[in-house]
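Engineer: Take this sequence and fold it.
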Amino acid sequence: MALFNLSRRRFRVTGTRNIRSLAFYLNEKRWFFASLIFGVLLYIAPTPDALSREGHIVLVMSAVAVILFITEPIPLPAVALMIVVGQVLLLGVNSTDVARSLMNDSVLFIMGSLMLAVAIVKQKLDKRLAWLIVRFTGTKTRNVAIGIAVVSGLLASVVGEHTVAAMMLPVAIILITLTSDNPKDVRGLAAVLLFSIAYGCSIAGIGTPSGGARNAIMIGYWQEFFHDPGNPETAKYLVDYLKWLVVCYPIFLAQLPFVMLILFTTFKPEYKRINRAVVKLRTQIEQEGRMKSGDWITILVFLATLFGWIFFSSSLGLGTIALLGAIAFMVLGLVRWEDLNAGVNWGVVLLYAGAISLGVQMKDTGAALWVANTFLNILPSGMESGFGLNASVSVLTTLVTNTMSNGAAVAVLGPISLNMASAAGESPLVLGFITSISSAFAYLTVIGTPACTIVYASGYLKTTDFLRVGYKMVIMSTVVLLAFAAFYWPLLGL
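Structural biologist: Residues are numbered from 1 along each chain as shown. A predicted model of the protein is given here:
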């Protein structure tokens, strides 16, 4: 009898523990199950007019993915895998075609850039660049963050945000790790420094035609739609490097102080000064002494890669050149594969690949076009021209660019906005610039831009951090853009 009672008590205890474990699991994964239920309800809902069934399914997948990206109840690479599986099971896309969409040049670039960052850290050049920056800025956290944002922005306006984010990430990481080995003790500091890189790059990418593919796409649309070689009056649609610079670069500069204000009011760095990190950094630099041959070879390889990005990316692709740089580091013995395998966040590569693949389906199924047309059709009276139209196109582009790459967003929305300009009697140049610039406002998600994806790979940021600060960035950037469109661009004759 005693043995029976003991067994019953053990069963009760075990059962209670199982119930508690199940309750804990359900509570931890509540957003996962909520997103699935929400997705099922959207899936069985009637397909809206003018939207294909495939487009409907893609929008359902996008909605579920966005919820999971923000709430993060499961690892983000798992969300990317769900996107892959969903295309095969729900859309009926051939798995080989899905695989092809996962590995485009942008994904290769992310992968190659993270490899290059590991190689730079291996040679400790990140320390020397960080030391160079703090020598100019001093040890105040605010000044260091401003210095990082300015350097990132000036470089990204010429080279492209992908490249600069990959180059500057190790610089921020070394300052963070030298301040504290415990990530929990430097959450605010890490957020400020890392977002200084991401947003410095993002707002600068609008400044020149070489700042991003979206700019080149819009220049091509203007020439294709409006330029007539036999009509001198259409020569204004041949936008060259200098004209783009004059129109857009001041917008980048105007946003810089607001970016820093937003970052320091959203995140509170634990240290007003990073004296401890700077002292450690100086000590390590002194111990290492002068630069060695391996350091100089590393610099030469990176400069060669940078040269390739600037002059040969149009023919070879950014990703191919990034991989060539990584291969060169391994061939020269500057980094081992074991270092790359351990240092690269492969889950981030998979995450970006899944997002790109979903963006392709948004475009191919007509879902992105349907969203654009639906948005425009619901505009209230008075928003079809002038300031209202400018604001509407900016908001629409911002919404779309947060679900796909900025280049794809401009590729889809460019013809729509330019045709709207013609129909409304507005300037195609103005609406074209607004579309291209607004495509840089992908601040809300990890996969919004490569720069955001790269800084997320550091492991210091949460997906909610992007939403927490991103909506403020969207509002600020939109207001600055519309102000320039209203007051500065008319002075240039736009």
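Engineer: Surely residue 107 and residue 354 touch.
Structural biologist: No: counting by CB atoms under 8 Å, residue 107 does not reach residue 354; the two are 9.5 Å apart. C-beta coordinates here come from the backbone N, C-alpha and C atoms, glycine included.
Engineer: quick one, which of those two is more surrounded?
Structural biologist: Counted by other CB atoms under 10 Å, residue 107 and residue 354 do not tie: residue 354 has more neighbours, with 27 against 21.
Engineer: Just give the closest residue to the more buried one, not the sequence neighbours.
Structural biologist: residue 80 (2.9 Å; CB to CB, 6 or more residues apart in numbering).
Engineer: quick one: the one you found is in a helix?
Structural biologist: Yes: assessed with DSSP: H, G, I helix; E, B strand; the rest coil, residue 80 lies in a helix.
Engineer: so how many other residues sit close to it?
Structural biologist: Neighbours of residue 80 using other CB under 10 Å come to 27.
Engineer: same deal with residue 238?
Structural biologist: If we define neighbours as other CB under 10 Å, then residue 238 has 13 of them.
Engineer: Tell me who's in contact with it.
Structural biologist: 222, 223, 227 (CB atoms under 8 Å, 6 or more residues apart in numbering).
Engineer: As CSV, those residues with secondary structure and distance to residue 348 would be great.
Structural biologist: As requested, the contacts of residue 238 are exported to CSV (DSSP: H, G, I helix; E, B strand; the rest coil; distance: CB to CB, whole Å):
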residue, secondary structure, distance to residue 348
222, helix, 35
223, helix, 36
227, coil, 40
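Engineer: hang on, the residue nearest to residue 354 packs against residue 348?
Structural biologist: No: using CB under 8 Å, residue 80 is not in contact with residue 348; the gap is 9.6 Å.
Engineer: picking up where we left off before, of the contacts of residue 238, which one scores lowest on pLDDT?
Structural biologist: Scanning the contacts of residue 238 for pLDDT, the low point is residue 227. It has 73.
Engineer: rewinding a little: and the residue nearest to residue 354, what does it touch?
Structural biologist: Going by CB under 8 Å, 6+ apart, the list of residues near residue 80 reads 350, 351, 353, 354, 355.
Engineer: out of the contacts of residue 238, who has the most neighbours?
Structural biologist: Highest count within those by other CB under 10 Å belongs to residue 222, 20 neighbours.
Engineer: Report the spatially nearest residue to that residue, omitting neighbours in sequence.
Structural biologist: residue 237 (4.4 Å).
Engineer: residues touching the one you found, list them.
Structural biologist: Here residue 237 is in contact with 222, 223, 225, 226, 227, 428, 429 (CB under 8 Å, 6+ apart).
Engineer: switch to 10 Å and redo it
Structural biologist: Residues near residue 237 by CB atoms under 10 Å, 6 or more residues apart in numbering: 219, 221, 222, 223, 224, 225, 226, 227, 228, 428, 429, 432.
Engineer: helices and strands around whichever helix or strand residue 58 is part of, which ones?
Structural biologist: Per DSSP states H and E, residue 58 falls inside helix 53-71. Packed against helix 53-71 by the contact rule (3 or more CB pairs under 10 Å, 6 or more residues apart in numbering; DSSP states H and E) you find helix 30-44, helix 76-89, helix 346-364, helix 367-377, helix 463-483.
Engineer: Determine which stretch of those is the most buried.
Structural biologist: Of all the helices and strands packed on helix 53-71, helix 346-364 has the most neighbours on average by mean count of other CB atoms under 10 Å, namely a mean of 22.
Engineer: Show me what that one packs onto, helices and strands only.
Structural biologist: Taking 3+ CB pairs under 10 Å, 6+ apart as the contact cut, helix 346-364 packs with helix 53-71, helix 76-89, helix 95-102, helix 105-122, helix 367-377, helix 386-401, helix 406-424, helix 450-456.
Engineer: Buried residues in the third one, which are they?
Structural biologist: In this case it means helix 95-102. 98, 101, 102 (16 or more other CB atoms under 10 Å).
Engineer: closest to residue 467 among those residues?
Structural biologist: Of all the buried residues of helix 95-102, residue 102 has the smallest distance to residue 467: 25.3 Å, by CB to CB.
Engineer: mind listing what that closest one touches?
Structural biologist: Counting by CB under 10 Å, 6+ apart, residue 102 has contacts 80, 83, 84, 87, 349, 350, 352, 353, 354, 356, 357, 360.
Engineer: Hmm, residue 87 and the last one touching each other?
Structural biologist: Yes: in this structure, residue 360 sits in contact with residue 87. The criterion is CB atoms under 10 Å, and the distance is 9.4 Å.
Engineer: who touches both of these two?
Structural biologist: 58, 93, 97, 98, 101, 102.
Engineer: sec struct for the closest residue to residue 465 other than its chain neighbours, please.
Structural biologist: Nearest residue to residue 465, sequence neighbours excluded (CB to CB, 6+ apart): residue 191, at 5.8 Å. Using three-state DSSP, the structure places residue 191 in helix.
Engineer: Can you tell me how far residue 191 is from residue 156?
Structural biologist: 19 Å (CB to CB, to the nearest Å).
Engineer: what about the two, which has more around it?
Structural biologist: More crowded of residue 191 and residue 156, by other CB under 10 Å: residue 156, with 31 against 23.
Engineer: That'll do, ta.
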